[in-house]
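Visitor: For reference, the sequence and a predicted model appear below.
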Amino acid sequence: MKSSRKKKRRKVQVPIASMGDIAFLLIIFFMLLSEFSKDKDLSIDLPLSDQVKKTEVVVAARVAMASDGAIYFDGDRVDSAKDIEWGVRALLSKTVADEQRHVQFKCDASLPKETFEPVLKAIAEGGGIIEAVGEDK
Amino acid sequence: MFKHRKKQEKRHRTGEIPTGSFSDIAFLLIIYFLVATTLVKVKSISADLPTGEKQSDAAVDKTPIVNLRGSKMYFSDKEVTLDNLNARLAALKLSEQSPDKRVIMLESTKMTSYESYFQALAAISSNGGVVAIVEEDE
């Protein structure tokens, strides 16, 4: 005996009520984790070397020296190398672990020693481990 | 008549905020940030410069020294190329030495460019050496 009843079509509904929450959570996650580059607009011609490696270290501070010799600490211009030393020292005053002492150093390849060396020394005096940025040859 | 219709409309209002398009807006924002973001991974060398007072001359004499004079490079007073310097430093097997024997002094003239300074620094650091900057006497 054939049943005359037609099969009822089930309506399948995908629950999308929580999609908005998930999406906003993702946005908040990315906003908290992302870091904006502060020295993007500086004119820095990085030195070349075949010994540079991609590093996974988290840097405590960023020091940059533009081609005109101007010194920047975390994106803000400072007057002298002494300011760098104080800045690094203040940042690392409560730091004991070596992994938290890395300071990124970006410097224009054409600058002479008398311009960049005081800054390198200032980072070391402040307790930082220098992460000198370069480009692969 | 008009009043009656208004009353009917009021009855249908539930006071809910329409949130149906929120997820669309949020995903649009995510896509925007994903497209507009550039992920930068910098390449660098790590150098932990020791700080402190100048060593006695006797101790300094035994320490290998890299001299940068303009574009020329010297290792223990002999002119070397960058590849040569790497080979000489590798031969010292610095990473197997005790910390005080890993020290390589780096001396340079005033007009040495950061390019050659960086290359010497990279050579010393990548071979397991600890760079000690030599200061000029005033």
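Guide: Cool, got the structure.
Visitor: How many residues are close by residue 97?
Guide: Just going to use chain A. 6 (other Cβ atoms under 10 Å in any protein chain shown). Glycine gets a C-beta too; all of them are placed from N, C-alpha and C.
Visitor: wrong chain, I was asking about chain B
Guide: Neighbours around residue B:97, by other Cβ under 10 Å: 14.
Visitor: Just give the closest residue to it, not the sequence neighbours.
Guide: residue B:128 (7.9 Å; Cβ to Cβ, 6 or more residues apart in numbering or on different chains).
Visitor: what residues are up against that neighbour?
Guide: By Cβ atoms under 8 Å, 6 or more residues apart in numbering or on different chains, residue B:128 lies in contact with B:93-97, B:102.
Visitor: for those, which one is nearest residue B:32?
Guide: residue B:95 (47.2 Å; Cβ to Cβ).
Visitor: Wait, a helix at that closest one?
Guide: Yes: assigned with DSSP: H, G, I helix; E, B strand; the rest coil, residue B:95 falls within a helix.
Visitor: give me the number of residues near it?
Guide: Neighbours around residue B:95, by other Cβ under 10 Å: 11.
Visitor: how about the contacts of residue B:128 in JSON lines, adding distance to residue A:13?
Guide: Below are the contacts of residue B:128 laid out as JSON lines (distance: Cβ to Cβ, whole Å):
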{"residue": "B:93", "distance to residue A:13": "69"}
{"residue": "B:94", "distance to residue A:13": "67"}
{"residue": "B:95", "distance to residue A:13": "63"}
{"residue": "B:96", "distance to residue A:13": "67"}
{"residue": "B:97", "distance to residue A:13": "70"}
{"residue": "B:102", "distance to residue A:13": "68"}
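Visitor: Assign a three-state SS to the closest residue to chain A within chain B, would you?
Guide: Scanning chain B for the residue nearest chain A gives residue B:26, at 3.2 Å (criterion: Cβ to the nearest Cβ). With three-state DSSP as the basis, residue B:26 sits in helix.
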